[in-house]
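>>> pasting the sequence and the predicted model now:
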Amino acid sequence: MRLPLVLLALTAALTLRAERLTVNFNADWRFTKSDPAGAAAPGFDDAAWTTVTTPHTFNDVDTFDNWSLPGHRGEQEQWSGRTWYRKHFAAPAAWRGKKVFIEFEAVRQVAEVYLNGTKLGTAKGGFTPFGFDLTPHLRFDAPNVLAVRVDNRFAKDPLDPSLAPQAATNEKTHPNLGQLSQQFNETIPATLDELQADQIPWNNPHWHPAHGGIYRNVRLHVTDPLHVTLPLYSFLQTEGPYAYATNVTAESADFALEIPARNERPTDDCFTVAAALFDADGREVWRGAQDVALAAGETNTFKFTAQLPQPRLWEPGYPHVYCCAIELRTKDAVIDRTEIPLGIRAVRWDAATGLWINGAHTKLHGWGQKPTNEWPGLGAALPDWLHAYTSQLMHDAGGNFIRWGHTPAGPAQIRAGDELGIVTLQPAGDGEHDTVGGAWALRLANFRDVLIYYRNNPSIFIWEGGNQKVTREHAAALRALMDRYDPHGGRAYAHRRADQITAEFMDVGIGTEGGREIARLPVVEGEYDREESPRRVWDDASPPNFGYPEAKGQTYQLTSEQFAVNQVKHYVTKLGAGNHAGGANWIFSDSTSGGRVAVEVARTSGEVDGVRLPKEAYFVCQVMFTYTPRVHLVGHWSYPAGTKKTVYVAANTGGEVELFLNGRSLGRAQPENRFLYTFRDVAFAPGEIKAVAYDRAGRAAATTAKHTVGPAVALRLTPITGPDGWRADGADIALLDVEAVDARGERVPTFQQRVDFAVAGPAVWRGGYNSGKIDSINHTFLDLEAGINRVALRSLTATGPVTVRASSAGLQSAAITLTPRTVAADEPPAWPKFTLPAAPQRQPAELAPRADAVAAIPAGQAGRFIKTFNYTGPNASIVHIETNAQNGRNAYVDVESPFKALPAALSGADWVQVDNRDARYHAVDLMELATAAPAVVTIAHDDRLPRPPWLGDFAPTGEQLVVNGVTLSLFARRLDAATSLTLGPNTEQANPEQAAMYLVFVNAK
């Protein structure tokens, strides 16, 4: 918790400085990418090791440089193993008699920590903050040695050895996650102590790139033995302060503050607990003090309550954060001081109308994002400001929601949500599916630790118990932790892919692809629009690619234009209903985990690529997610002569859009799915193409234009650095955008060519990447894509000018010089200053549903034997449950398809009346259903298709069913109790020639 200290004393007479000292402990670690015996010993010789600054990863040289394997396996060619970090430091005499704690924001995946040869403990969460008490083992007569063994061995989804790893997605390369999870669980040991790094379910590139290291910040806290405890439970068993507000209105809020203090002095002590609350302008709005006593060795929690008049409320359009300053003092001397944030907000989730914040309806628009936030050439080890940079991009596109998946975001990422106004869903540690034994013990401990560490951050609205349903016992245990450690924070508990068992403990449901498993619960979307497309591919008419030919036969073959256009349909049809709270597009930036296209080094589902350069989809989201009038022309206007193409425009003004070419109107278009406007067969002519968007009254409300750009003549370099410049601290990053420009200095959108770089001065070249090439990172060359690319340099601790020169055949070179600045070793990480709006910026009231709307159970979501049902295929809106299967009734919803000669076992059954047009859809999980009691579930599958892996959970019956002349084979599974099932895609093949959609029947056992 690193809020800047409030400089106002709690009393005018108090002038002594606070005695708590927080030290940036990132500098001067020694590192080896090996596991030498005896490395924990203080006298071990580490002189030959590399000196590094944390955040640090040893996977920055092997990320985004191998294919992201099909079947969602991610980039598996990453170094893994055991490594060591050691730090030598002297304990000043002033620390004698003090308590000294170390805090790691996170280490991946397993951190075994020693001080002066004594083992302090082993942390296995990988994404969870943890800390130790160094005091008992600290030396003042010699240097101290802190040693950390870091193990990033990771699990991998198996790959059929008979297939090339790069094989296109098919039934052999696409894993059945349910089966894999069951097999994986069989290998998990019974206890947490026995659990190894590669036995942790979420430590798999299917979910997260396997980047190892001390990849987040490290700090020391030096306190008096009488002190406020830290919010670090594992190893310390402490909880830290807890601030919250209840009964919140615009007129008042009931404020409460719980302060746990511990007395580790040898004697009993009387002291004063004091606190004050300051608004964002530094004005004091409340103060309080209590005279208390603690016996030696005792810990107690002291509570303040107050009513605050006219509170400044936190909401996405006005993210006001109070600072709560806490002091312990004796005889007018401050002995400890700490600060925590407080956001006061009233949150109401409603099944009929979605989300209301401070009485205002709020539609959530945003993204899922991996908390690794990985970057080509940098991996997951980023300075805080660069994490904030990604969050700022989301905010600038109108994003007000983020779902971190599926492990917790770090302190910098959560702080950015607090200060930018991004409603946050924070998980604790999960892959998908439930787990057992030592892995379950770790998952439970992670959830507890995350609740305690982040429960004061106002942006967190949802604690995610899991990326999938769990057993009733596990759901109850997770919910009990939230009720214990965050009972007053106004937050919801949720699971994705829930069933009625899990839903007993949930406040909201997390949907998938527009799904809503639990009709009675409010729903927030967790993952929609999971398609993939690289930034470098414009459209079918643009050189040099002319489409995306290398992806032929892959799961996704979308150009950037198609990817952008799909944004509109996905958002409106899946999240647009008034009773839907909105939610997360999956994902924001291209990631090395979980892709499906074999010709990319990343999962290209992002609205920005791996170096955060925006795709056209980013600007379309900006149109849909903001309420000020906007219009965007998808693509560019620099085509070969003779090109004729469809032009797409996105606008949020509600009326028509008119298209002009060189001043001549090409007509007006009506909106499709609220935001999209289509102009077909537009013949290219050099010059300007312009779109004018009109409001519903016919008035021009927004205009945009693009024009033809000339041939590239030169390169241009533009720097991006942190808010206080480029630091010479050994870990800070400077980014450089390199563009090909024409004679007028405008970027050439179709330029794709190699650029070479020369670097001189004290810096480490990290480079950039090309998404469609392996081994493109860390080199002093790469291709521009769509006229631009972005490269990175990491600073050293030495200072001096760093000059970068860029050259490319036939173009004028460019050069730039940056000079990193000297910083003190303990200077806190840089952080941007975000400006608070003058007044709340809200969704227009006319867009809100009626506040008194009544939630209706959607028709067709339940039957006699099916208790709940959800479907996420393309035609989900008309797929539903039918009851009492009989001859003559239609099997499919979209076509005349009467049952004939229905087997006796299926007579009277519930069945899912699916849309047969979805038969070729193969990209995402499709169906979730729960039975109300013991039952028999039967699948009718078209054997012209290979059997999908998930069908292995069902046994062949030997019977067949003929529907519309297609013979379907029957497979059955007997359920001995009420059960929830997830059924996968109809086929793993891309666009099979012939296919019928499978049918699902559920009958009494």
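Right, received. Where do you want to start?
>>> a helix runs through Leu393, doesn't it?
Yes. Under DSSP: H, G, I helix; E, B strand; the rest coil, Leu393 falls within a helix.
>>> show me where pLDDT drops low in this protein?
Within the chain, the segments meeting pLDDT under 70 span 1-18, 161, 163, 165-176, 855-860, 922-925, 989-991.
>>> pull the contacting residues for the residue sitting furthest away from the middle of it.
Taking C-alpha atoms, centre = their mean, the residue of the chain most remote from its mean C-alpha position is Ala901, at 49.7 Å. The contact partners of Ala901, by C-beta atoms under 8 Å, 6 or more residues apart in numbering, come to Asn887, Leu961, Val962. From N, CA and C alone the C-beta is placed, and that goes for glycine too.
>>> against Trp726, how distant is it?
75 Å (C-beta to C-beta, to the nearest Å).
>>> likewise Ile402?
The value you get for Ile402 to Trp726, if C-beta to C-beta is used, is 27 Å.
>>> more neighbours: which of those two?
Ile402 (30 against 24; other C-beta atoms under 10 Å).
>>> identify the bridge partners of that one.
Bridge pairing for Ile402 (DSSP bridges) gives the partners Trp367, Thr424.
>>> could you point out which element follows the host helix or strand of Val100?
Secondary structure assignment for Val100, by DSSP states H and E: strand 99-104. Next helix or strand after strand 99-104 toward the C-terminus (DSSP H and E): strand 110-115.
>>> returning to what we had before: restricted to strands, list the contacts of Ala901.
Leu961, Val962 (DSSP state E).
>>> from the contacts of Ala901, pick the one nearest Asp157.
Closest to Asp157 out of these is Leu961 (33.1 Å), distances taken as C-beta to C-beta.
>>> contacts only, for that closest one.
Listed by C-beta under 8 Å, 6+ apart, the contact set of Leu961 reads Phe899, Ala901, Leu902, Pro903, Leu906, Ala940, Thr967, Leu968, Leu970, Leu999.
>>> which one of the residues you listed is nearest to Gly767?
Nearest member of the contacts of Leu961 to Gly767, counting by C-beta to C-beta, is Leu999, at 51.7 Å.
>>> now that closest one: how far from Gln109?
43 Å.
>>> could you do Leu378 as well?
19 Å.
>>> again, but for Thr817
40 Å.
>>> the more surrounded of those two?
The neighbour comparison of Thr817 against Gln109 (other C-beta under 10 Å) goes to Gln109, with 27 against 12.
>>> from the contacts of Leu961, pick the one nearest Pro427.
For the contacts of Leu961, the nearest to Pro427 is Leu999 (34.7 Å; C-beta to C-beta).
>>> hmm, back to that, partner strands of the strand holding Val100, with direction?
Taking DSSP bridges as the criterion, strand 99-104 forms sheet pairs with strand 130-133 (antiparallel), strand 218-223 (antiparallel).
>>> out of these, which comes closest to Leu180?
strand 130-133 (28.9 Å).
>>> after that closest one, which helix or strand is next?
strand 144-151.
>>> and that next one, what does it pack against?
strand 82-89, strand 110-115 (3 or more C-beta pairs under 8 Å, 6 or more residues apart in numbering; DSSP states H and E).
>>> most tightly surrounded among those strands?
Of the helices and strands packed on strand 144-151, the one with the most neighbours on average (mean count of other C-beta atoms under 10 Å) is strand 110-115, at a mean of 23.
>>> just the CA trace of it, in CSV.
What follows is strand 110-115, C-alpha atoms only, in CSV (Å, rounded to 0.1, in the frame of the first residue of the first chain):
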residue,chain,number,x,y,z
VAL,A,110,7.3,-20.7,-5.9
ALA,A,111,9.6,-18.6,-3.6
GLU,A,112,11.7,-20.2,-0.9
VAL,A,113,13.0,-17.4,1.2
TYR,A,114,16.1,-17.4,3.6
LEU,A,115,17.7,-14.7,5.7
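>>> which other helices and strands contact it?
So strand 110-115, by 3+ C-beta pairs under 8 Å, 6+ apart, packs with strand 99-104, strand 118-123, strand 130-133, strand 144-151.
>>> make a markdown table from these and add distance to Tyr556 to it.
Output for these, formatted as a markdown table (distance: least, C-beta to C-beta, whole Å):
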| stretch | distance to Tyr556 |
| --- | --- |
| strand 99-104 | 38 |
| strand 118-123 | 38 |
| strand 130-133 | 39 |
| strand 144-151 | 35 |
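>>> looking at those, which is closest to Arg219?
strand 99-104 (5.2 Å).
>>> was I right about Phe757 contacting Gly768?
No. The criterion here is C-beta atoms under 8 Å, and Phe757 misses it with Gly768 at 9.6 Å.
>>> common neighbours of those two, please.
Shared contacts of Phe757 and Gly768 (C-beta under 8 Å, 6+ apart): Val791.
>>> who's more crowded, these two?
More neighbours surround Gly768 than the other of Phe757 and Gly768, with 31 against 20 (other C-beta under 10 Å).
>>> quick one on the thing from earlier: and the strands paired with strand 99-104 as a markdown table, adding mean neighbour count?
Shown next, in a markdown table, are the strands paired with strand 99-104 (neighbours: other C-beta atoms under 10 Å):
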| stretch | mean neighbour count |
| --- | --- |
| strand 130-133 | 24 |
| strand 218-223 | 22 |
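>>> can you put those strands in CSV and add distance to Glu993?
Formatted as CSV, these follow (distance: least, C-beta to C-beta, whole Å):
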stretch, distance to Glu993
strand 130-133, 55
strand 218-223, 57
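>>> which one of these lies closest to Ser807?
Comparing the strands paired with strand 99-104 by C-beta to C-beta, strand 218-223 comes nearest, at 39.8 Å.
>>> ok, which of the strands paired with strand 99-104 comes nearest Thr187?
Per C-beta to C-beta, nearest to Thr187 of the strands paired with strand 99-104: strand 130-133, 25.2 Å.
>>> list the contacts of that closest one.
Against strand 130-133 from outside (C-beta under 8 Å, 6+ apart): 99-104, 111, 113, 115, 120-121, 123, 221, 230, 232, 234-236, 449.
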